[in-house]
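**Q** Predicted model and sequence follow; I will ask about them next.
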Amino acid sequence: MRLIDENGEQLGVVATNEALRIAAERGLDLVEVAPLASPPVCRLMDYGKYKYEQTKKEREAKKNQKIVLLKEMRLRPKIGEGDLEFKTKLVQKFLEEGDKVKVTVVFRGRELAHPQLGRVLLDTMVDKLKGVASLERTPLMEGKSMSMILAPAASK
């Protein structure tokens, strides 16, 4: 097998018994790095320390990532102006926190005959959130509801 020491320098091609003896002398572990290579490549390292550093890197990467949630705001076509204003402010708060928002207009009964009312409602909300939100998915009719997805606007 080809042997690489703890500093990354090649020690050449050695027998398995010889590699195990060298690892035992230096107080390190013999770890197979590339088993499919010809000859297989092994490295001398402190495996416990290596695993600890890997988990430490993963933890650090997890700490820096931002989890984006998809929140939903449901409306009705006959919503009052004050209620629409209130719901728009809630959506704006969600967007400022960095979450995506799915705005859904739910139709019941004869309201389904007038989907343009829902479309007007969603367009009104997009206009009110012009600087805060960007439209990720345009309003789409899905069964008895019409929905769109808003994402936080790219900050400059």
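**A** Looks like it came in fine.

**Q** Residue 43 bridge partners, please.
**A** residue 4, residue 31 (DSSP bridges).

**Q** how close does it sit to residue 116?
**A** Residue 43 sits 67 Å away from residue 116, going by CB to CB, to the nearest Å. All C-beta spots, glycine's among them, are computed from the backbone N, C-alpha and C.

**Q** Kindly report the same for residue 144.
**A** In this view, residue 144 and residue 116 are 15 Å apart by CB to CB.

**Q** Residue 54 - that's part of a helix, no?
**A** Yes. Inclusion of residue 54 in a helix is indicated when DSSP: H, G, I helix; E, B strand; the rest coil is applied.

**Q** Let the chain start at 673 from now.
**A** Fine by me, first position is 673 from now on; the one you just mentioned is residue 726.

**Q** Check the spacing between it and residue 733 real quick.
**A** From residue 726 over to residue 733 (counting by CB to CB), the distance is 11 Å.

**Q** Tell me the buried residues in stretch 677-692?
**A** Of all the residues in stretch 677-692, those buried under the rule 16 or more other CB atoms under 10 Å are 686, 691.

**Q** For this protein, give me the ranges with low pLDDT.
**A** Scanning the chain for pLDDT under 70 picks out 827-828.

**Q** how's it carved up into domains?
**A** As given by automatic domain parsing, the domain ranges for the chain are 674-733, 742-824.

**Q** Tell me how far the closest residue to residue 677 other than its chain neighbours lies from residue 676.
**A** Of all residues not flanking residue 677 in the chain, residue 716 sits nearest, at 5.1 Å (CB to CB, 6 or more residues apart in numbering). Applying CB to CB, the value for residue 716 to residue 676 is 7 Å.
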